[in-house]
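Participant: fold the following.
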Amino acid sequence: MLIARSRLRSIGLLFLIATIDTGGALRAHDRSAPGPRVVMIIRHAEKPEKEGEKDPNLSKRGFERAEALAKAIPEHFPKPDFLIATKRSKSSNRPAETITPLSNALHEPIEAKFKDDDYARVAREVLSDPKYAGKVVLIAWHHGKIPELAKALGAKDAPAKWKSSVFDRVWEIDYQNGTATLKNLPENALPGDSQN
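Facilitator: Residues are numbered from 1 along each chain as shown. Model prediction:
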């Protein structure tokens, strides 16, 4: 028993020395990173165009995009393990509607418990909850908060604005090598979508 305790103390001392040698903190690759492998952020699909219209649903084109994304996402991007959308409000259910066909195709439920302004809480949960560790997460959100959501997810180089006319992009954040790297990619879901 005495030998075992002495050995444990020695191992602890070696660990302490190794920690001090690396500048007082363990390097990111020396500990298990709890975060996801990839997070993809999309804007909800097209909404009704009439000004002042209070329809919380997608437009005809929006529903077409939602159906197309059920094929385009798995074909062109990492297959999502988790789907997240904003919580339904009286003014919009579009993010959840956008990924419902994808949810059905992948047999993955949609987590829709956070309001649009709760982007920081979403980021905190995705980056820290062990269930997302090493996984691929797709988030459908409203365009006004997507830049802040991306930054909260660690993408420091995220654009400052998502244009209100754009519905066909995927912001893919890759967490390889301990750094969040953002790529702004085309969805390639419908004819007329941007190609690069």
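Participant: using the three-state scheme, assign the residue nearest the centre of the chain.
Facilitator: Closest residue to the average C-alpha location of the chain: residue 39 at 3.3 Å, with C-alpha atoms, centre = their mean. Secondary structure assignment for residue 39 (DSSP: H, G, I helix; E, B strand; the rest coil): strand.
Participant: now it: how far from residue 195?
Facilitator: 23 Å (C-beta to C-beta, to the nearest Å). The C-beta positions use only the backbone N, C-alpha and C, and glycine is treated the same way.
Participant: how about residue 154?
Facilitator: For residue 154 relative to residue 195 (C-beta to C-beta), the value is 28 Å.
Participant: any regions of this structure where pLDDT drops low?
Facilitator: Per-residue confidence for the chain (pLDDT under 70) gives these ranges: 1-33, 51-53.
Participant: which residue ranges form the strands in it?
Facilitator: In the chain, the segments counted as strands under DSSP state E are 38-43, 82-86, 110-114, 136-141, 169-174, 181-186.
Participant: generate a markdown table for the ones you listed, with distance to residue 49 as supplementary columns.
Facilitator: Listed next are these as a markdown table, based on distance: least, C-beta to C-beta, whole Å:
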| stretch | distance to residue 49 |
| --- | --- |
| strand 38-43 | 15 |
| strand 82-86 | 21 |
| strand 110-114 | 25 |
| strand 136-141 | 20 |
| strand 169-174 | 19 |
| strand 181-186 | 22 |
